[in-house]
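**Q** build me a model from this:
(2 chains, ligands or ions: 2)
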Amino acid sequence: MEQEILKVENLTKKFRLSLRQRKIEKTAAKEKIAVNGLSFSVNEGEIYGLLGPNGAGKTTTLRTIATLIRPDGGDVYVGGASVVHDPGAVRRQIGFLTGDLKLEEFFTPGYLFDFFSELHGIPADVARERKKYLFDKFGINAFAEVKVGDLSTGMKQKASLVISIVHDPKIIVFDEPTNGLDVLTARTVTDFLEELKKDKKTVLLSTHIFSLVEKLCDRVGIIIDGKMICEDRLDVLTAEKNLEDVFFDVYRTVKGDIV
Amino acid sequence: MKDILIIFKKELKRFLTDPRMLATLLLPGVLIFCIYSLMGTFFQDLTTGSGTNAQYVVFIDNQPSEFSQFNDGGGVYNISVNQDAALSSEEKKEKVKSGEAACYIVYEEDFYEKMTAYEPDGTLSAPQVEIYYDSTATASQTMYSYYIACLDAFEQSIANKFDVNAGGEGYDLASETELTTYILGMILPMILNTLLVAGCMSVAAESVAGEKERGTIATLLVTPVGRSHLALGKVLALALVALISAAASFLGLIFSLPQLLGLEFSAVPYGVGDYFSILVIIVMNVLLFTVILTMISTFAKSVKEANGLATPFMILLIVLSLMSSIIPISGLTGYFIPIFNSVLCLTSVITLSFNPLGFFITLAINLVLFGLGVFALAKMFSSEKIMFNK
Ligand SMILES: Nc1ncnc2c1ncn2[C@@H]1O[C@H](COP(=O)(O)OP(=O)(O)OP(=O)(O)O)[C@@H](O)[C@H]1O
Ligand SMILES: [Mg+2]
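**A** Numbering: from 1, shown residues only, chains lettered A, B, ... in the order given. Ligands and ions are numbered 1, 2, ... in the order given. From the prediction side, this is the model:
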């Protein structure tokens, strides 16, 4: 059997809603259950796609995995370390990137690479090797010493991607990596993911772009209202219909007609 | 420990290599220098020096020969007595007002005889001494206090045979302009504190609320650095940066003092000890302000909100700074009120009435508060509600 790198076990996360949030969400409930007893796992060398409509709980799940927020119930294990009991060990093994995780504009990609390498406790010579390797591979050298604030969106994106993997993490977690990017910039992300796939890296990514999943993922999980509704190998799921149709069928069974 | 240092270094690089940031940091010092120098030019006459070798000119009318020993200055003051009858009493008062003389003492004629004859049974009135002085001039204050002390001591020894300044008002010859200068000296702590806070605020808002707003703090939070280390690295770097800003303010203050007081640099009535006290007070304030403002900044979602939330703090600070000059709280009570106490210390140094015990109470309270603040800040960095509030 393949080795499990990530294991999400019965994960639950609730948010207490402020008065303002209750008004926006048009609800009297004091709490919002964002993730509701979610379980799944990602194996070594696999690319796992998490699909779900807005508000399904994808970001919440991934943030819990990245130890940015704590679960209210259940647990998540990364390389055997629990996010509840040993978040430090989890952080050492995980690379995390989302559209709203940014690099400080004042610094250069080169400086930030060194800074994050140091924070991860990577020995200087190893870090230097890795920097050269990654900067060559993803074409960062041309703008390595230009302040992030002066870079184009595409260059910024590339720099963020590379810096999220300075420590050669066991698993890389991407939350909607192409969200809000134009076609060209989105392409840098897709290319980056393809590179990772070639290198047999383990990746968990959330998105609502079906084509991205179809192109890259080995397995797919569909979550709605914080619950795992359907999970299978991509080739099994899309044996008869394309992914989009599969998704809408699943959605209709759970929520009734699409409004 | 090592990650605290890494964070610390990054924050320093952020603030000390950015020309715009550097300008905001050094601006308060430049402003203090400009404002105070300007103020000095407008109100150009406070005092002469109060060193032991300075000479005090004192006008005395009808001095009983028995009192001439007072004029020795008790071995401390160098007093030059002028008993010139050619000047009118009005002219003498004018000289006190202008600072040419320290004070003007008028004994009633045949003072000593009347004094010995006096019995407090109401049959004869007690002989009078009147001392005209200027409460805003240090030299005048010094001489006034000195003669009052001499006369009091003498009066005690002969059981209440005369009255000093029994006429009520009109003895303090401080002019309007001098009073204004004095009041300006009192609001100095306010201006200084406001500028210090401004210096701290720009870096604190940028460092945490700014990073939250732009989503860069989360990039740090997913690294293995402990939350408390992150908080500590940041607040220490911010404190150091704010201290550099404070040092600029301090230099601005020192170099504008001569202009402010209208004196040669060497004649400014403050010594090394006074400057050192001012420096310690500034450092203390900066540490306290940094931790408070970093907490505000951590609580806020954006730089704008951080600045908004800091406004009430700013107002409180100004009110506390003004209060020390309006409501003089006697004794040590005031030194137990945070922020207010450092204002008191500053005012006391400036008005040459330094209280060492009060100073140490202030120091202790501020250091404890700084420690508590850092602790609270580390807690805030661990709170997902605060770091990820929607
Ligand atoms: N800090 C928070 N406070 C209150 N409610 C929250 C908070 N974060 C998320 N939620 C709520 O939890 C639910 C799940 O949100 P989440 O961001 O995980 O969804 P998502 O699947 O990532 O959606 P999207 O596709 O829009 O990114 C939503 O209803 C959201 O409003
Ligand atoms: Mg999301």
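
**Q** stretch B:23-34: which residues count as buried?
**A** B:24-29, B:31-33 (16 or more other CB atoms under 10 Å in any protein chain shown). Quick note: C-beta positions are derived from backbone N, CA and C, even for glycine.

**Q** please read the previous query as pertaining to stretch A:17-32.
**A** Buried residues in stretch A:17-32 (16+ other CB under 10 Å): A:17, A:32.

**Q** can I get it in CSV? Just the C-alpha atoms.
**A** Below are the C-alpha coordinates for stretch A:17-32, written out as CSV (Å, rounded to 0.1, in the frame of the first residue of the first chain):
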residue,chain,number,x,y,z
LEU,A,17,-20.4,34.6,14.0
SER,A,18,-20.3,38.2,15.0
LEU,A,19,-23.5,40.3,14.7
ARG,A,20,-22.2,41.8,11.5
GLN,A,21,-21.4,38.4,10.0
ARG,A,22,-24.9,37.1,11.0
LYS,A,23,-26.4,40.0,9.1
ILE,A,24,-24.3,39.4,6.0
GLU,A,25,-25.0,35.6,6.1
LYS,A,26,-28.7,36.3,6.8
THR,A,27,-28.8,33.8,9.7
ALA,A,28,-29.8,33.9,13.3
ALA,A,29,-27.4,31.0,14.1
LYS,A,30,-24.6,32.0,16.4
GLU,A,31,-22.2,29.5,14.9
LYS,A,32,-21.3,28.5,11.4
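
**Q** burial check on B:L188, number of neighbours?
**A** B:L188 has 23 neighbouring residues, counting by other CB atoms under 10 Å in any protein chain shown.

**Q** which bits of chain A sit near ligand 1?
**A** Contact residues, chain A versus ligand 1 (CB under 6 Å from any ligand atom): A:15, A:17, A:21, A:32, A:34, A:52, A:54-60.

**Q** would you write a PyMOL line that selects the buried entries of those residues?
**A** The following PyMOL line selects those of these that are buried, judged by 16+ other CB under 10 Å:
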select buried, chain A and resi 15+17+32+34+52+56+57+58+59+60
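
**Q** right, and the helix or strand after the helix of greatest length in chain B?
**A** Longest helix of chain B, by residue count under DSSP state H: helix B:227-261. For helix B:227-261, the succeeding helix or strand toward the C-terminus, using DSSP states H and E, is helix B:272-299.

**Q** quick one, that next one and helix B:227-261 angle?
**A** 140 degrees (axes from the mean of the first three to the mean of the last three CA atoms, to 10 degrees).

**Q** most remote residue from the middle of chain B, which is it?
**A** Going by CA atoms, centre = their mean, the residue of chain B most distant from its centre is B:T123, 49.7 Å out.

**Q** nope, chain A is what I was after
**A** Of all residues in chain A (CA atoms, centre = their mean), A:A28 lies farthest out, 31.5 Å.

**Q** now do the strands in the stretch 1-150 of chain A.
**A** For the stretch 1-150 of chain A, applying DSSP state E, counting those that start in this stretch gives strands covering A:4-16, A:31-43, A:47-51, A:73-78, A:81-82, A:94-98.

**Q** check A:R130 and give its pLDDT.
**A** Note for A:R130: predicted pLDDT of 94.

**Q** quick one, what contacts it?
**A** A:117, A:122, A:166, A:168 (CB atoms under 8 Å, 6 or more residues apart in numbering or on different chains).

**Q** top of those residues by neighbour count?
**A** A:V166 leads these on contacts (other CB under 10 Å) with 23 neighbours.

**Q** need phi/psi at A:E105.
**A** phi -70, psi -20 (degrees, to the nearest 10).

**Q** any idea how far it lies from ligand 1?
**A** 24 Å (CB to the nearest ligand atom, to the nearest Å).

**Q** grab the nearest non-local neighbour of that residue.
**A** Using CB to CB, 6 or more residues apart in numbering or on different chains and skipping residues adjacent in sequence, the residue nearest A:E105 is A:G149, 3.3 Å away.

**Q** also B:I361?
**A** In space, and not counting its chain neighbours, B:I361 is closest to B:Y335: 4.4 Å by CB to CB, 6+ apart.

**Q** what distance do you get for the one you found to ligand 1?
**A** 44 Å.

**Q** try A:G95
**A** Relative to ligand 1, and taking CB to the nearest ligand atom, A:G95 is found at 19 Å.

**Q** show me what that residue is bridged to.
**A** Beta-bridge pairing of A:G95 under DSSP bridges involves A:I172.

**Q** for it, give me its contacts.
**A** A:164-165, A:167, A:169, A:171-173.

**Q** same deal with A:D75?
**A** A:9-11, A:82-84.

**Q** so what touches stretch A:3-13?
**A** By CB under 8 Å, 6+ apart, stretch A:3-13 touches A:33-44, A:57, A:60-61, A:64-65, A:69, A:71-79, A:170-171, A:202, A:204, A:226.

**Q** for that stretch, buried residues please.
**A** Buried-residue list, stretch A:3-13, by 16+ other CB under 10 Å: A:4-9, A:11-13.

**Q** also stretch B:272-280?
**A** Applying 16+ other CB under 10 Å to stretch B:272-280 flags B:275, B:277-278, B:280 as buried.

**Q** pull the distance from it to the chain's centre.
**A** Stretch B:272-280 sits 11 Å away from the centroid of its parent chain (CA atoms, centre = their mean, to the nearest Å).

**Q** for that stretch, C-alpha coordinates in PDB please.
**A** Extracted C-alpha coordinates of stretch B:272-280, given in PDB (Å, rounded to 0.1, in the frame of the first residue of the first chain):
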ATOM      1  CA  VAL B 272      24.600  65.800  32.500                       C
ATOM      2  CA  GLY B 273      22.500  64.200  35.100                       C
ATOM      3  CA  ASP B 274      19.400  66.000  33.800                       C
ATOM      4  CA  TYR B 275      20.100  65.100  30.200                       C
ATOM      5  CA  PHE B 276      20.600  61.500  31.300                       C
ATOM      6  CA  SER B 277      17.300  61.500  33.100                       C
ATOM      7  CA  ILE B 278      15.500  62.900  30.100                       C
ATOM      8  CA  LEU B 279      17.100  60.200  27.900                       C
ATOM      9  CA  VAL B 280      16.000  57.400  30.300                       C
END
